[in-house]
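Student: Based on what follows, work out the 3D shape:
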Amino acid sequence: TELRESVLELRSPDSSTDWTLADPDVAVVPLRADLPGSGPSGRVDGLLAAKHDPSRPLSPAGIRLLEGVASHLAVAIANERLSQSERNRLRSYAMMMTKAQEEERKRIARELHDEASQNVVVIRRALAELAVSLDGEPAAAELSELGRLAGETLIGMRRFSRDLRPPTLDQLGLSSALEQ
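Tutor: Have a look, this model is predicted:
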């Protein structure tokens, strides 16, 4: 015989563990997982419906078997919900960490560009002016070399600043910049 697909009222007339539908050949056991993090205690997470021969009522052993299966199913459902909740929490944490890292990179890149690079430019110009003013003296060549080194340092700092926070990231946003 085929299990009927009708929704019938769930009843437990004497509050016993023998849950039945108004259909005599289907036994129903509620799925409850009273586990930490699985929701309110006593919450029904689903129903296990089992078709049986109505001429042979379920024995206490059969009822215990259905309750055992229902208990395992309820724990599996609760574990999946908990696992999904944990995945969502970890995903949220990873997004927060990524955002914090990007903000820190942006701050460091801005400081390199706005402060450190500008200071190196000032030092480089001052070294060049000193080298010109000491034209012909032995220190002038050393000052020119220091100015050249300051220029290379400036190029490296700009490259580092760009690598830390590429301009396309600010122009397009994180997801679009990653696609390129």
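Student: ok, the residue most central in space within the chain to T98 distance?
Tutor: Central residue of the chain (Cα atoms, centre = their mean): R91, 0.6 Å from the mean position. Distance of R91 to T98, computed by Cβ to Cβ, to the nearest Å: 11 Å. To be clear about C-beta, it is placed using only N, CA and C from the backbone, and glycine gets the same treatment.
Student: which element is the residue nearest to the centre of the chain on?
Tutor: For R91, the host element (DSSP states H and E) is helix 60-111.
Student: Between helix 60-111 and the very next helix or strand once past that helix, find me the angle.
Tutor: Sequence order places helix 117-133 as the next helix or strand after helix 60-111, per DSSP H and E. Relative orientation of helix 117-133 versus helix 60-111 (axes from the mean of the first three to the mean of the last three Cα atoms, to 10 degrees): 20 degrees.
Student: Now helix 117-133 - C-alpha only, CSV.
Tutor: Provided in CSV are the C-alpha atoms of helix 117-133 (Å, rounded to 0.1, in the frame of the first residue of the first chain):
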residue,chain,number,x,y,z
SER,A,117,57.4,60.4,1.0
GLN,A,118,56.9,64.2,1.5
ASN,A,119,59.7,64.2,4.1
VAL,A,120,62.0,62.3,1.7
VAL,A,121,61.3,64.9,-1.0
VAL,A,122,62.2,67.7,1.3
ILE,A,123,65.4,65.9,2.3
ARG,A,124,66.3,65.2,-1.3
ARG,A,125,65.8,68.9,-2.3
ALA,A,126,67.8,70.1,0.7
LEU,A,127,70.7,67.7,-0.2
ALA,A,128,70.6,69.0,-3.8
GLU,A,129,70.7,72.6,-2.7
LEU,A,130,73.6,71.9,-0.3
ALA,A,131,75.5,70.0,-3.1
VAL,A,132,75.1,73.0,-5.4
SER,A,133,76.2,75.5,-2.7
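Student: How far does it sit from its chain's centre?
Tutor: Relative to its chain's centre, helix 117-133 lies at 48 Å (Cα atoms, centre = their mean, to the nearest Å).
Student: For that helix, list every residue counted as buried.
Tutor: Neighbour-count burial for helix 117-133, counted by 16 or more other Cβ atoms under 10 Å, picks out 117, 120, 124, 127-128, 130-131.
Student: in the next helix-or-strand element following that helix, what's buried?
Tutor: As assigned by DSSP H and E, the chain's next helix or strand after helix 117-133 is helix 138-164. Neighbour-count burial for helix 138-164, with 16+ other Cβ under 10 Å as criterion, is recorded at 143-144, 146-147, 150, 154, 157, 161, 164.
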